[in-house]
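Chemist: model this:
(2 chains, ligands or ions: 1)
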Amino acid sequence: MATSSGRTLYDKVWEFHTVDILPTGQTQLFIGLHLIHEITTAPAFDMLRERGLKVAYPERTFATVDHIVPTDMRTRPFLDSQAEELTRLLENNTRQFGIDFYGVDSDRQGIVHVIGPQLGLTQPGMTLACGDSHTSTHGAFGTLAFGIGTSQVRDVLATQTLAIDKLKVRRINVNGKLAGGVYAKDVILSIIRKLGVAGGKGFAYEYGGAVVDNMNMEERMTVCNMSIEGGALVGYVNPDETTFDYLKGRPFVPQGKGFDRAVAYWKSVTSDQGARYGDVVDLNGAEIEPTVTWGINPGQAVGISEKLPDLSGHSDAAGLKRAYEHMGWQPGAPALGLPINVAFIGSCTNSRISDLRAAARVAKGKKVNPAVRAIVVPGSAEVKKQAEQEGLDKIFTEAGFEWRSAGCSMCLAMNPDKLKGREICASSSNRNFIGRQGSPEGRTILMSPAMVAAAALNGKIVDVREYL
Amino acid sequence: MATVTRIQRVVGTAIPLRGNDIDTDRIIPARYLKEPTFARMGDYPFFDERFDAQGKPKPHPFNDPKYCGGSVLFVNKNFGCGSSREHAPQALYRFGIRAIVGESFAAIFAGNCVVMGLPTVTVHERDIAELMRLVESNPQAKFTLDLAARTLACGTGEIVPVELPDSTRTALLEGSWDSTTMLHANLGKVKSRAATLPYMTGFKA
Ligand code: SF4
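Modeler: Prediction:
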């Protein structure tokens, strides 16, 4: 392993995992961990069979069901025959190829990006791929993690490698200190707003600065999760003591001497002092407010005290116009007080225990506005269990939220949890795209889980800082 | 094993699709991802923008008879952002799209297109505006995307320079875009590389 100074974590992990430079000039990159779920994999297994290929490293792939599973009635067969079929196919494929599978009856089931870290499968200095764009989440551990398509899933299954090109690295420093009531979600929404939804094209984002250094692992996952919404395929944080403490004792993390050796390796991959970056961006954490989206992409966001933006002079006036047409709002209207009909707390962005604690703190002893349909969907069976041990489920149900089992649920509405008609949803998820939550006319306002809870109580967007 | 198909040029009429940040949820709504194969994806591209709740067609370039049969798709910025679903390029391909020309593409979408043998090439903002105007005023205009020459020739005789990553261009030109064969041939090297990674042995050494 060469050690020249001035290198980033990305450079080092890339080099350690480079198998070869292919005739096309692409790198053949070894993938340390491969996570799969029911939606993007069935055709990949079919392609393997068509070509008579085996899975090269079945012990490096792990499977769960999250996207399509119902979060209320879990008895099999599922009421939705397509959900049942895709789940069966994954069960059969993982059995045939010798891959570990955590189904709805497993206490390890959950959203792939929640269970990977929770089980200690996700580790620093590793490459990780999954047929899902929010694979960037795992970058919180100093993992080089990215989403791939189905044909690439086939490649990873068949060879444990991918043919890809290297990215540049942009360092994003979030300096200073966050104010109370401002969460990791507000940080990443502010970054995307500043750099744009395509701003990260060609880059991996390395997050740092005092605000990120002080974040716990769950907050770092929220930030890295939405790198892809900023156009960056990869987002990561250099591993530190916070990372090592989180990993210690988890099922797939080595113990004793092995753990010490692991930490030594993990430390060795962190970016050098004076690492060379393709670009550096600085943000002042103290200036970040609770932030909400108002439009149809995650970059169309405003601080809670701001008004919705004007079209005039905007570089993408046509895009803004379309967003206003869909949302039915006017430029210049205040973000505060926008109405909602549905509240969704969940998704791989914000469904971990600390997210549920933050939302429960707001909801405790209060009532959901009677006009609002509100659901809480924990990110994994483990998070659900932990929350129930802490009594969070009671806080939510007494306030009028539905308390569900783990899955993606209303983040992408492939299960029965969907918006209807023109409903507006305050959502802790990551995408406010047209139709994303299951209704072509539906509307989504992204925000932190605590802000969703506060919106649920009031039937409109409020400033969570008044409820803490 | 898949047969080698070299993709050197794409010739056809075009479909203009205006707008930045067209995400893969719009290209293919999530409910169609419930199908276990890609076989029917060609029926669904932009479904919710093309049809209302009763299934009545809405005005959309993909519904417009004057662009029927178009195989080159013109788009603006950050096309294919969002979800990694390969169903999106599969839907476009199976609808009949054989090349996409735009201002910029989202990373995962572009990666998916390469592995399927669907070229995505970028052109200058000025050029795409001109190309869209041209096809809107003359839908019968033929275009020739030449990957070797890195050009897009319009029926009018005009030639626009296009860009794409060298690795992608080579993969398409040489027919190695279906990467499995190439990667699989290296399994020996994969094994040696894996042996140097400390986590592969659970940090035993
Ligand atoms: S929670 Fe949403 S964004 Fe995350 S993996 Fe599931 S569908 Fe994708």
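Chemist: Quick one: mean pLDDT for stretch A:217-237?
Modeler: The pLDDT scores in stretch A:217-237 average 98.
Chemist: do it and chain B meet at all?
Modeler: Yes: contact of stretch A:217-237 with chain B is found when judged by Cβ under 8 Å from any Cβ of the partner chain, involving A:I228, A:G231, A:L233. To be clear about C-beta, it is placed using only N, CA and C from the backbone, and glycine gets the same treatment.
Chemist: between the residues you listed, which has the most around it?
Modeler: A:I228 (33 neighbours; other Cβ atoms under 10 Å in any protein chain shown).
Chemist: Just confirm that one is within a strand.
Modeler: No: counting by DSSP: H, G, I helix; E, B strand; the rest coil, A:I228 falls outside a strand, being helix.
Chemist: Excluding sequence neighbours, find me the nearest residue to it.
Modeler: Nearest non-adjacent residue to A:I228, counting by Cβ to Cβ, 6 or more residues apart in numbering or on different chains: A:S133, 4.6 Å away.
Chemist: Neighbours of the one you found, how many?
Modeler: 28.
Chemist: my read: A:A426 touches A:N458, true?
Modeler: No: counting by Cβ atoms under 8 Å, A:A426 stays clear of A:N458, with 9.7 Å between them.
Chemist: So between these two, which is more surrounded?
Modeler: Comparing A:A426 with A:N458 by other Cβ under 10 Å, the one with more neighbours is A:A426, at 31 against 19.
Chemist: Any idea how many residues pack against the nearest residue to the more buried one once chain neighbours are set aside?
Modeler: Across the structure, with Cβ to Cβ, 6+ apart as the measure, the residue nearest A:A426 apart from its sequence neighbours is A:A455 (3.9 Å). The local packing of A:A455 (other Cβ under 10 Å) involves 30 other residues.
Chemist: Show me what the helix or strand hosting A:A455 is packed up against.
Modeler: Secondary-structure element containing A:A455, defined by DSSP states H and E: helix A:449-458. Secondary structure elements in contact with helix A:449-458, counted by 3 or more Cβ pairs under 8 Å, 6 or more residues apart in numbering or on different chains; DSSP states H and E, are strand A:342-345, helix A:353-363, strand A:424-427.
Chemist: Could you pull up the residues touching the residue in the stretch 51-200 of chain A that the ligand sits nearest to?
Modeler: Among the residues of the stretch 51-200 of chain A, A:H134 lies nearest to the ligand; the distance is 4.6 Å by Cβ to the nearest ligand atom. If you count contacts by Cβ atoms under 8 Å, 6 or more residues apart in numbering or on different chains, A:H134 has them with A:H113, A:G147, A:N225, A:M226, A:I228, A:C348, A:T349, A:N430.
Chemist: my guess is the first one meets A:E218, correct?
Modeler: Which is A:H113. No: A:H113 lies out of contact with A:E218 (Cβ under 8 Å); the separation is 11.5 Å.
Chemist: Between these two, which is the more surrounded one?
Modeler: Applying other Cβ under 10 Å to A:H113 and A:E218 shows that A:H113 carries more neighbours, namely 32 against 21.
Chemist: Make sure that one is indeed in a helix.
Modeler: Yes: counting by three-state DSSP, A:H113 is located in a helix.
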